[in-house]
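Asks: Just need the structure, nothing else, for what follows:
(one chain, ligands or ions: 2)
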Amino acid sequence: MIQVKELEFVYQKSGKEAIRKIDFSIEQGEIFGFLGPSGAGKTTTQRILIGLLRGYEGNVLIMGKERRKWNNDFYEKVGVAFDFPNLYIKLTAQENLELISSYYQKKATNINALLDRVGLLADKDKKVESFSKGMKMRLNFIRSLMHDPDILFFDEPTSGLDPVNAKIIKDMIMELKGQGKTIFLTTHNMTVAEQLCDRVAFIVDGKIPVIDSPRELMVQHGRQTVRLDYYREGKEYSEEFPLKTIQENKHFFDILHKHQLKRIHSQEATLEDIFIKLTGRELA
Ligand SMILES: Nc1ncnc2c1ncn2[C@@H]1O[C@H](COP(=O)(O)OP(=O)(O)O)[C@@H](O)[C@H]1O
Ligand SMILES: [Mg+2]
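Replies: Numbering: from 1, shown residues only. Ligands and ions are numbered 1, 2, ... in the order given. Here you go, the predicted model:
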């Protein structure tokens, strides 16, 4: 559905090289995530794919056609939820959705159901200017779905949402995948990447050093360990042992036999640990 080759982008005004030769492709029905810290180039890449930033180098093929060759029928096929909600604040939630729906050939038939799904049905007649950030985010999310697009772009879809609402959005993204939609999302949240993405690209400083499934990254780079916290001669010690070779670890069994334990704790590397290991950077 999406093929990106040697993509480069410079913000002309500042001369900032935001994207430095990245390559990736996204299959139909896949959830593909961009995981990286603030300023990595996630939003920039999405805006190029959507057609909001022009003047890129390299190739961006969307459904087989170079992005710059698409005309406005492109927007019938894609849905976008920006990182900052873009809504008409003087209109109510329902009026927003009705107006936005009127821009598309394929009209929404399920506005109330969508509002209900994200917990906004009771607020549908309130002006959006009275909405909290989280309410705007949820409205902004459903506005991207109404015309039943094939490809969806979500920029930080759960940012600013409490856990309950974040879960609703994550569940909806999984349902969209179930319907065969292709989904590109950006996040700096490793849990979102882990829970949702079939594959994830680590992005740092406009470059992508790694693309793989979260599961494969865990297998390749994650290290399960067991941590022992114990007492020896009145002092407290803590040691970590790789789980894989623990049967042969004499020192581990010595501690178990000889010393008073405070705690045994098994720990698995998180996607964030692997991100730090492979990029040398933190996600925050
Ligand atoms: N409109 C802009 N003009 C100039 N530089 C920008 C602009 N938008 C973003 N940048 C810069 O481009 C880089 C990538 O930004 P962005 O794509 O927004 O990152 P992310 O979404 O990963 O946080 C950052 O260094 C940012 O400061
Ligand atoms: Mg961003």
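Asks: Which parts of the stretch 151-284 of the chain are strands?
Replies: With strands called from DSSP state E, counting those that start in this stretch, the stretch 151-284 of the chain shows them at 151-155, 182-187, 199-204, 207-212, 225-232, 235-242, 260-267.
Asks: The third one to strand 182-187, inter-axis angle?
Replies: It refers to strand 199-204. Orientation check (axes from the mean of the first three to the mean of the last three C-alpha atoms, to 10 degrees): strand 199-204 against strand 182-187 gives 40 degrees.
Asks: Make 53 the first number, not 1, from now on.
Replies: Sure thing, new numbering starts at 53, so read that last one as strand 251-256.
Asks: Show the average pLDDT along strand 251-256.
Replies: When pLDDT is averaged along strand 251-256, the result is 97.
Asks: Give the partner strands of it in its sheet and their orientations.
Replies: Strands that pair with strand 251-256, judged by DSSP bridges, come out as strand 83-87 (parallel), strand 259-264 (antiparallel).
Asks: Using CSV, list the CA coordinates for that strand.
Replies: The C-alpha trace of strand 251-256 is given here as CSV (Å, rounded to 0.1, in the frame of the first residue of the first chain):
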residue,chain,number,x,y,z
ARG,A,251,6.0,-3.9,12.6
VAL,A,252,7.7,-0.9,14.1
ALA,A,253,10.4,1.4,12.7
PHE,A,254,12.7,3.0,15.2
ILE,A,255,13.3,6.6,14.1
VAL,A,256,15.9,8.9,15.5
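Asks: Return the distance of that strand from the chain's centre.
Replies: Relative to its parent chain, strand 251-256 has a centroid offset of 10 Å by C-alpha atoms, centre = their mean, to the nearest Å.
Asks: which residues touch that strand?
Replies: Residues from elsewhere that reach strand 251-256 (C-beta atoms under 8 Å, 6 or more residues apart in numbering): 74, 76, 82, 84-89, 92-94, 97, 245, 260-266, 269, 323, 327, 330-331, 333. C-beta: built from backbone N, CA, C; applies to glycine.
Asks: buried subset of the residues you listed?
Replies: Among those, the ones that count as buried by 16 or more other C-beta atoms under 10 Å are 74, 76, 82, 84-89, 92-94, 97, 245, 260, 262-264, 266, 269, 323, 327, 330-331.
Asks: ok, back up a step: the contacts of strand 251-256 also near ligand 1: which ones?
Replies: When contact is defined as C-beta under 6 Å from any ligand atom, those meet ligand 1 at 88, 92-94.
Asks: And those, which two are furthest apart?
Replies: The most widely separated members of those, counting by C-beta to C-beta, are 88 and 93 (7.3 Å).
Asks: returning to what we had before: which ones among the buried ones among the contacts of strand 251-256 come in contact with ligand 2?
Replies: residue 94 (C-beta under 5 Å from the ion).
Asks: Report the distance from the helix of greatest length in the chain to the chain centre.
Replies: The longest helix of the chain (DSSP state H) is helix 215-230. Relative to its parent chain, helix 215-230 has a centroid offset of 12 Å by C-alpha atoms, centre = their mean.
Asks: Please point out which parts of that helix sit buried.
Replies: Of all the residues in helix 215-230, those buried under the rule 16+ other C-beta under 10 Å are 217-218, 220-222, 224-225, 228-229.
Asks: Tell me which residue in the stretch 103-252 of the chain sits closest to ligand 2.
Replies: Among all residues of the stretch 103-252 of the chain, residue 135 sits closest to ligand 2, at 5.2 Å; criterion: C-beta to the ion.
Asks: neighbours of that residue, just the number please.
Replies: 17 (other C-beta atoms under 10 Å).
Asks: what's the distance between it and residue 86?
Replies: The gap separating residue 135 from residue 86 is 12 Å, by C-beta to C-beta, to the nearest Å.
Asks: which residues do those two both contact?
Replies: Common neighbours of residue 135 and residue 86 (C-beta under 8 Å, 6+ apart) are residue 238.
Asks: about what we covered before: so of the ones next to ligand 1 among the contacts of strand 251-256, which ones are in strands?
Replies: The strands, defined by DSSP state E, take in nothing from those.
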